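S.K.: here is my input, please return the structure:
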Amino acid sequence: MKITQNSTDSETMQELGKRLQRYRIDSGLSQNELSDMTGISSKTIANLEDGKQTNTLTLIRILRALGLLDNLELLAPPQDNRPIDFLRYNKKAPQRASRNRNEEPKRTWKWGDEK
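M.R.: Purely as a prediction, here's the structure:
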């Protein structure tokens, strides 16, 4: 299954668990061996492979042990400044998002506004 924007959280966790299990098996590691390498209980590893929730640190440790940590770079690539950004922002990148001040605020719909 391909993980897409339309995948549910549950489907995404199931697929991620299957993929990590496949990498672990292809690396010739048992859950107990991976547990020893990462300091994570084998029960937690089994839960992750079954598609159950886990925390980010657990995922990072498992990815590192399987040699997949570099792939996180693809998950959220750095937003390097482009040359046009220096001109657009007067050599300083914005620190937070703001709405365009030239736009009128969006009007919310209220009962009785149908006319």
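
S.K.: in contact with residue 60, which residues?
M.R.: By Cβ atoms under 8 Å, 6 or more residues apart in numbering, residue 60 lies in contact with 69, 72. Heads up, the C-betas are built off the backbone N, CA and C, glycines and all.

S.K.: what helix or strand is it located in?
M.R.: helix 56-65 (DSSP states H and E).

S.K.: same check on residue 19?
M.R.: Element membership for residue 19 (DSSP H and E) is helix 9-26.

S.K.: which residues does that helix contact?
M.R.: 1, 3, 7, 31, 34, 45, 48-53, 62, 66, 68.

S.K.: pLDDT at the residue positioned nearest the centre of the chain, what is it?
M.R.: With distances taken as Cα atoms, centre = their mean, the residue of the chain nearest its centroid is residue 75 (5.8 Å). pLDDT for residue 75: 85.

S.K.: where exactly do the helices run in the protein?
M.R.: With DSSP state H as the criterion, the chain has helices at 9-26, 31-38, 42-49, 56-65, 72-75, 83-88.

S.K.: so where's this protein shaky on pLDDT?
M.R.: Residues of the chain that meet the criterion pLDDT under 70 lie in 81-82, 85-86, 89-95, 99-107, 109-110, 113-115.

S.K.: give me that answer again for 80
M.R.: Within the chain, the segments meeting pLDDT under 80 span 76-115.

S.K.: please tell me how far the residue nearest to the centre of the chain sits from residue 69.
M.R.: 11 Å (Cβ to Cβ, to the nearest Å).

S.K.: what's the answer for residue 32, then?
M.R.: 21 Å.

S.K.: who's more crowded, the two?
M.R.: residue 69 (14 against 11; other Cβ atoms under 10 Å).

S.K.: what is the burial count for the nearest residue to the more buried one once chain neighbours are set aside?
M.R.: Leaving aside its sequence neighbours, residue 69 sits nearest to residue 63 (Cβ to Cβ, 6 or more residues apart in numbering; 4.6 Å). For residue 63, the neighbour count with other Cβ under 10 Å is 17.
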